[in-house]
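> just to be clear, the model below is a prediction. Sequence and coordinates:
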Amino acid sequence: MMLGLEIHQRLLTHKLFCSCPSELVEDGQPDLVVHRQLRPVISEMGEMDEASRHEFENRKQFEYLAYEKCNCLVELDEEPPHDLNREALKIVSQIALQLNAKPVDEVHIMRKLVIDGSNTSGFQRTAIIALDGYLETSKGKVGIQTIALEEESAGIVKSENGKVVYSLDRLGIPLIEIATAPEIKDGEHLLEVAEKIGLIMRATGRVARGLGTIRQDVNVSIEGGARVEIKGAQDLKMLPTLVELEVKRQQKLIFILEQLKKHGKIFIKKEFVDVSHIFKNTEAKLIKSGLAAGQSVFALKLPHHAGLLGQELGPNRRYGTELSDYAKTAGVKGLIHSDEHLEKYGIKPAEIQELRTTLNVQIDDAFVLVVADATTAKKALQKVYERASMDYVPKETRKANEDGTTSFMRPLPGRARLYPETDVPPIVITKEFLREVEREKGKSFEEKKEDLFSMLNKEMAEQMLRSKNLLLFEKLVAKFQKVEPTLIASTLENTLVSLRREGHEIKDVERTMNELFSAYQEGRFVKAAIPEILKLVASGEDFSSALKKFERISGEKLKKVVEECGHDQKVVMSRYRLYVDPKELGELLAKTSDQSNAGKTGKAG
Amino acid sequence: MYSDEIEKFFKKENIEIGDRISIEKDGRVYEGTLMPRVQGKNNIVVIKLDNGYNIGLAFEKASVKLLKKAEKQAREEKIEEAKGDVAILGCGGTISSRIEYKTGAVYPVISPGELVATFPALSSISSIKVRKIFSLLSEDMTQEHWKILADEVAGEIKDGARGVVVMHGTDTMAYTAAALSFMLQNLPVPVLLVGAQRSSDRPSSDNELNLLNSVWAAKNANIAEVAVCMHATIDDSYCYLHRGTRVRKFHNSRRDAFKSVNALPLAAVDYRKNFFEKISNFAERDKERKLVLDKKINSNVAMVYIHPGIKPKLIDSLADYDGVVLVGTGLGHVPTNPFNDKNAHSIFNNIKSLIDRGVAVVMASQTVYGRINMNVYSTGRLLKEAGVIGDGADWTPETAFVKLCWVLGHEKKLEKVRELMMKNFAGELSERSVLKRDFADGEEL
């Protein structure tokens, strides 16, 4: 098995080729709606690639929703791209160094043809920043082939009747794309690689966090199978299942091909038969309502396919489902095939018999049916015909489903999709630039990890390594060297979280933490007061006035308090827990009891 | 376009663009196809990796080796001169350019074959004849080019074209459109200029809709005017035909850059729906009508943009021109300093002496929209009395300039020039101002 991973992660900076903020629109009316079409252009090497041709044949209308707050003319392809965002280039270079990759000497921005409408221009801009790195894992080094900087595509809103609607808010957000060599051993290893790369990126503090900000594409192929790229795996934990199911799917497809090839070369007659008349009086709901709406029923015979269409390729997915996925790209909702229980659709045995006779279907043969307007139905059967005629496992881009299975999206794009972006000049990577990156990079991920494990207990170290507060933690620890790192870590990871749960949200966490630990380092309040002070700050009080209410009692004042409480530690703590440092109290009590003991001794002596 | 050092090395090693090479550097080996340097001349070699990406690697300390020579592909330079209902004349510009990535050179599209290969839908719209007239950036066009082009268009019309489409760069398209409007009078068929705002090598280019609409209209629309056919809105929905003397480019990148000024567009067109809607009055097709080709033109004309603090010597430097268009402020003004402010300079006397020398001085306005009126302020009255031409005109600065070139090609006497300038020849002047200022913005057809 060959197994590789491609990770896309949004960067924490403005858009790649304009100054729009990388903000998303939750909901709300678009400020502008634009309608467009795309047309494939020949690539620089003179080829038009399969994926583009596939899209061109199904030429669609695109509707783009644009928003003033995060779009300008660049996203609408109404203005040339501006210079590449240098901050994004820096972030990617920084991560590249962490992954031991070699930066190129000059960055060339390329256009990757994508004419499904997800880019208004018809291409996605992308550039290789570094090559040839590696990642240390528990199962040895895994090569990092390429590290690229590219722009995020537009998000699909809906697709209906040959029109696709996209929202332009996320178009142009910078992404880092990390592609590993196909050297990952298995599903578990894949999970480890994905997690580790994710951690390394997030540890820089310069990548976005949250749902949808990271995407993992998995490349799987087995011997006799084909390279399949699986997109859209949102949950890392799903990766091992995804791999396992894809390997099974390819194995099963190879098995099906073997069965078919027993009858010689796969040959399917390209005959799409209108069988609407058979269902004139049908009680099959789906067909009946289709016919009533003026649609037709078209059939295609698949010789020697009996029993194979029903072969399970994965949970709830049969070979028939694969054919159905292809049919769907022509705009039908799905298909009916003869390995299904046709009675469950309400199709009568007599109708089935008539179908078999009309199509001349023998015991060994199968057929598929689609219900749609005649043009769409024929297009859909054409897709089924093309897929079923393949005497190999096709190279595909597939979409990950929630249960770990996958569905066909489009043929795997080839290299013909890339040509130079002539609107943006190449960028020379100078020694000065690399020095700057090196300087800003700080500690490596491994060093950071070591530091954490030396400062914190194992559990807290692991948590902090994955935390969005990691960078803030590092800053605070460096700044307040007299404060125990564990207190900083638990304030960030536990106290703030439980306060938030109780409804106390601190607005400017970084500023508040600086004020808090600066005062704490000066000994102005005690640990126990931290949640109380933070509650006041969350309610809108400024830090210094919140602090005043929890000013530490120590020295002479503490002595008075101790007197007042009859030198009883328990009483002091129960009354002044939020104001008194237990250590100081302990020392004071020890001292006074020493003195009184000494005094007693003295008197006695 | 590599540095001399690299070029010399390539020559020695017999390495050419398109060859497969390897570059060894710092213990790593990169393999790929040698690409041309499109921009910048430095010591970095550009290769295309097998994954399709281009990267640049410094030549210094690298060991470059030839792995495999590229297979030679001869570029077909077939020029087909077949008969077609619509004649398409190429002048260069974004619309008719194709980038050859192997060499980095920009080629004009010259044959019907190439054009149909690029726009397959063309063949279902009309038979076409394609000829390259110039390969120019539109900013390099001159009055001489207008003459040659007018000649070529007239030739196609005489040869029986049902319509002529001129592929042109957009920057100066409005000037050429105005020039053809004056030079080609009494048209029997339409002459449509078309361009693209967004480059042809992007799938989103506006070239397809613009070109197909212009060819469709050239063949089918019942119109016989010089017009510009470009996107009406930023949607890929339909195009407007703008009168050649009224059109102006208002944006340097948007698809809907072209608008009619002080006039409505002539018509809207969408070939996909066989849709053609008349918006303004225009001349209809008439095979019997005899084309008048009048290409006399004088290129010794200047145009000056009036600005605050303009120096009198700038005006004095124009004395050797036959004509000058002043793109004035507001209703048609220039600094005349009537209140004798000590910091202001009048250029009135300088203009007056130009006119006294026999230079035709014409007024247009920076506001682009609106009509010149030299009666409202004393500045205007002074200029009018001094003999500045243009009071009452609602022309664009560009059209005023082209018209002055054309009029001066016929007449030099100032009184005669004034008379011709103020006479409407090609819809460049109107007596009544239209109610709607901007037809395209927010207006749905």
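In hand now; what should we look at? Everything quoted here is computed from the prediction, not taken from an experiment. Numbering: from 1, shown residues only, chains lettered A, B, ... in the order given.

> domain parsing for chain A?
A:2-208+A:415-420, A:273-375, A:443-548, A:555-604 (automatic domain parsing).

> what about chain B, any weak spots by pLDDT?
B:39-40, B:73-82, B:97-113, B:437-445 (pLDDT under 70).

> buried sites along the top helix by length along it?
Secondary structure of chain B per DSSP state H: the longest helix is helix B:143-158. Neighbour-count burial for helix B:143-158, counted by 16 or more other Cβ atoms under 10 Å in any protein chain shown, picks out B:143, B:145-147, B:149-150, B:152-154, B:156-157. All C-beta spots, glycine's among them, are computed from the backbone N, C-alpha and C.

> show me what it is packed against.
Where contact means 3 or more Cβ pairs under 8 Å, 6 or more residues apart in numbering or on different chains; DSSP states H and E, helix B:143-158 is packed against strand B:86-92, strand B:128-136, strand B:163-167, helix B:173-183, strand B:184-185, strand B:292-293.

> which strands and helices sit next to the longest one?
Right, the one you point to is helix B:173-183. Partner elements for helix B:173-183 (3+ Cβ pairs under 8 Å, 6+ apart): helix B:143-158, strand B:191-194, strand B:226-231, strand B:247-249, helix B:397-408.

> confirm residue A:397 sits in a helix?
No - checked against DSSP: H, G, I helix; E, B strand; the rest coil, residue A:397 lies outside a helix; its state is strand.

> picking up where we left off before, next, the angle from the longest helix of chain B to strand B:226-231.
100 degrees (axes from the mean of the first three to the mean of the last three Cα atoms, to 10 degrees).

> thinking again about what came up before, out of the domains of chain A, which is closest to residue B:382?
domain A:2-208+A:415-420 (42.7 Å; Cβ to Cβ).

> residues contacting the one residue in the stretch 151-300 of chain B that gets nearest to chain A?
Chain A sits closest to residue B:203 of the stretch 151-300 of chain B, with a gap of 2.5 Å, by Cβ to the nearest Cβ. Neighbouring residues of residue B:203 by Cβ atoms under 8 Å, 6 or more residues apart in numbering or on different chains: A:38-41, A:113, A:115, A:121-123.

> residue B:188 is in contact with residue B:287, correct?
Yes - using Cβ atoms under 8 Å, residue B:287 is in contact with residue B:188, at 5.7 Å.

> in the lengthiest strand in chain A, which residues are buried?
Determined from DSSP state E, the single longest strand within chain A is strand A:123-137. Across strand A:123-137, burial judged by 16+ other Cβ under 10 Å covers A:123-135, A:137.

> can you check stretch A:444-451 too?
A:445, A:448-449, A:451.

> swap in stretch A:506-521?
A:506, A:512-517, A:519-520.

> looking at those residues, spot the one nearest residue B:4.
Set against residue B:4, the nearest of the buried residues of stretch A:506-521 by Cβ to Cβ is residue A:514 (56.7 Å).

> ramachandran angles for the closest one?
Geometry field for residue A:514 lists phi and psi as phi -60, psi -40, criterion degrees, to the nearest 10.

> show me what contacts it?
A:476, A:479.

> what distance do you get for it to residue A:305?
70 Å (Cβ to Cβ, to the nearest Å).

> try residue B:180
Counting by Cβ to Cβ, the gap from residue B:180 to residue A:305 is 64 Å.

> ok, residue A:577 next?
Counting by Cβ to Cβ - residue A:577 and residue A:305 are separated by 78 Å.

> more neighbours: those two, which one.
Per other Cβ atoms under 10 Å in any protein chain shown, whichever of residue A:577 and residue A:305 has more neighbours is residue A:305, with 28 against 12.

> how close does the nearest residue to the more buried one once chain neighbours are set aside sit to chain B?
Once flanking residues are discounted, residue A:305 sits nearest to residue A:366: 3.7 Å by Cβ to Cβ, 6 or more residues apart in numbering or on different chains. Going from residue A:366 to chain B by Cβ to the nearest Cβ, to the nearest Å gives 37 Å.

> about what we covered before: what subset of the contacts of residue B:203 is buried?
Counted by 16+ other Cβ under 10 Å, the contacts of residue B:203 give A:38-41, A:113, A:115, A:121-123 as buried.

> and what about whatever residue of the stretch 501-605 of chain A ends up closest to chain B, helix, strand or coil?
Across the stretch 501-605 of chain A, no residue is closer to chain B than residue A:510, which sits at 38.4 Å (Cβ to the nearest Cβ). Secondary structure state of residue A:510, per three-state DSSP, is helix.

> my read: it touches residue A:469, true?
No - assessed by Cβ under 8 Å, residue A:510 is found out of contact with residue A:469, at 9.7 Å.

> distance check, the residue in the stretch 251-400 of chain A that chain B sits nearest to against residue A:405.
The nearest approach of the stretch 251-400 of chain A to chain B comes at residue A:395, 14.9 Å away (Cβ to the nearest Cβ). The gap separating residue A:395 from residue A:405 is 18 Å, by Cβ to Cβ.

> the more surrounded of the two?
In this view residue A:395 and residue A:405 are compared by other Cβ under 10 Å, and residue A:405 has more residues nearby, 21 against 16.

> phi and psi next, for the more buried one.
Torsion angles, degrees, to the nearest 10, at residue A:405: phi -80, psi 180.

> same question, residue A:233
According to degrees, to the nearest 10, residue A:233 has phi -80, psi 110.

> spatially nearest residue to residue 217 (excluding sequence neighbours)?
As the question left the chain open, I've gone with chain A. Closest to residue A:217 by Cβ to Cβ, 6+ apart is residue A:6, at 4.2 Å.

> actually it's chain B I care about, not the one you picked
Per Cβ to Cβ, 6+ apart, closest to residue B:217 is residue B:269, 4.9 Å.

> low pLDDT regions in the stretch 301-450 of chain A?
Checking the stretch 301-450 of chain A against pLDDT under 70 turns up A:414-416.

> which residues touch stretch B:22-29?
A:102, A:131-132, B:30-31, B:45, B:47, B:57-58, B:61-65, B:67.

> hmm, back to that, quick check: next helix or strand after the longest strand of chain A?
strand A:140-151 (DSSP states H and E).

> quick one on the thing from earlier: report the angle between the strand or helix carrying the residue nearest to residue A:217 and strand A:140-151.
Using DSSP H and E, residue A:6 sits within strand A:2-10. If you take the same axes, to 10 degrees, strand A:2-10 sits at 40 degrees to strand A:140-151.

> mind checking how far residue A:234 is from residue A:274?
Distance from residue A:234 to residue A:274, by Cβ to Cβ: 42 Å.

> that should have said residue B:243, apologies.
Relative to residue A:274, and taking Cβ to Cβ, residue B:243 is found at 52 Å.

> mind pulling up the pLDDT for the closest residue to residue A:552 other than its chain neighbours?
In space, residue A:552 comes closest to residue A:525 once its chain neighbours are excluded; the distance is 5.0 Å by Cβ to Cβ, 6+ apart. Note for residue A:525: predicted pLDDT of 93.

> in three-state terms, label residue A:525 for me.
coil.

> my guess is it meets residue A:549, correct?
No - using Cβ under 8 Å, residue A:525 is not in contact with residue A:549; the gap is 9.5 Å.

> what about residue B:243 and residue A:274, which has more around it?
Neighbour tally, residue B:243 and residue A:274, criterion other Cβ under 10 Å: the higher count belongs to residue B:243, 25 against 14.

> wait, the more buried one touches residue B:279, no?
No - Residue B:243 is not in contact with residue B:279 according to Cβ under 8 Å; the separation is 10.5 Å.
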